[in-house]
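Participant: Sequence first, predicted model second:
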Amino acid sequence: MLGAILRRVFPHPQLTAFLVMIWLLLVNTITPGNLLLGVILGILIPGVTQPFWPDRPRVRRPLRAIEYILIVLWDICVANVAVARIILFKSNADTQSRWIVVPIELRSPEAITILAGTITMTPGTVTAMLSADAGHLLVHCLDTDDPDAVRDEIKDRYERRLKEIFE
């Protein structure tokens with residue numbers, strides 16, 4: 001009985017905790033009022049969006065998810081420096097931007113979304129499109145002389161880990 005009530009109030013408990021944390025980071029002040037408002041938002045948002053979550057995404061290996069987050073944060077820092085170098089020290093004639101088609105093996109919509117978002121968050125690359133069959137991503141790379149290496153790095157560094165986490 002209590003479990004059913006808790007599942008109804010907290011349909012996605014991890015999302016609720018995440019939303020409370022994000023709210024507190026956004027307001028940049030931890031007060032009882034901000035904490036209460038964060039908890040209210042953390043309960044209301046998952047409750048209102050519940051119909052759009054027919055299946056709950058399953059994180060198979062949570063420690064791998066933490067590792068993935070740390071790798072992405074590191075890659076964002078490294079890519080920021082690389083893009084700054086390109087902007088400051090390379091001429092437009094020397095920059096070799098490329099479109100890269102990345103075949104993906106992921107089938108979980110959440111994993112595909114995280115992969116596309118990761119690529120876009122990493123400076124120097126942006127996910128432009130997902131194919132209709134969800135089998136390929138079209139990625140624009142700001143500067144590369146080896147598109148195959150970029151594709152292989154995305155598959156090995158991100159997709160492989162997401163596959164371990166979600167599938």
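Facilitator: Sure, I can see it. Numbering: from 1, shown residues only.
Participant: next structured bit after the longest helix along the chain?
Facilitator: Across the chain, the helix with the greatest residue count (assigned by DSSP state H) is helix 62-89. In the C-terminal direction, the helix or strand that comes right after helix 62-89 (DSSP states H and E) is strand 98-103.
Participant: Give me the contacts around that next one.
Facilitator: The contact list for strand 98-103 (Cβ atoms under 8 Å, 6 or more residues apart in numbering) reads 128, 135-141, 144, 147, 150-151, 154-155, 159. Every residue, glycine included, has its C-beta placed from N, CA and C.
Participant: Filter the residues you listed down to the ones in helices?
Facilitator: In this view, the contacts of strand 98-103 that belong to helices under DSSP H are P147, V150, R151.
Participant: Work out the gap between the one helix or strand in the chain whose mean pLDDT sits lowest and the centre of the chain.
Facilitator: Ranked by mean pLDDT, DSSP states H and E, the weakest helix or strand in the chain is helix 2-9, scoring a mean of 73. Computed by Cα atoms, centre = their mean, to the nearest Å, the chain-centroid distance of helix 2-9 equals 29 Å.
Participant: Can I get that helix as PDB, trimmed to CA atoms?
Facilitator: In PDB, the C-alpha atoms belonging to helix 2-9 read as follows (Å, rounded to 0.1, in the frame of the first residue of the first chain):
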ATOM      1  CA  LEU A   2       2.700   2.500   1.000                       C
ATOM      2  CA  GLY A   3       4.900   1.400  -1.900                       C
ATOM      3  CA  ALA A   4       2.000   2.200  -4.400                       C
ATOM      4  CA  ILE A   5       1.500   5.600  -2.800                       C
ATOM      5  CA  LEU A   6       5.200   6.400  -3.000                       C
ATOM      6  CA  ARG A   7       5.400   5.300  -6.700                       C
ATOM      7  CA  ARG A   8       2.500   7.500  -7.500                       C
ATOM      8  CA  VAL A   9       4.000  10.600  -5.700                       C
END
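Participant: tell me which residues in the helix or strand following that helix are buried?
Facilitator: Once the chain leaves helix 2-9, the next helix or strand it forms, by DSSP H and E, is helix 13-27. Neighbour-count burial for helix 13-27, counted by 16 or more other Cβ atoms under 10 Å, picks out L15, T16, L19, V20, W23, L24.
Participant: what does stretch 51-58 give?
Facilitator: P57.
Participant: distance between the ends of it?
Facilitator: By Cα to Cα, to the nearest Å, the extent of stretch 51-58 from end to end equals 17 Å.
Participant: quick one: average confidence on it?
Facilitator: For stretch 51-58, the mean per-residue pLDDT is 73.
Participant: per the record, what domains does this structure have?
Facilitator: Domains of the chain are assigned by automatic domain parsing as 2-52, 62-166.
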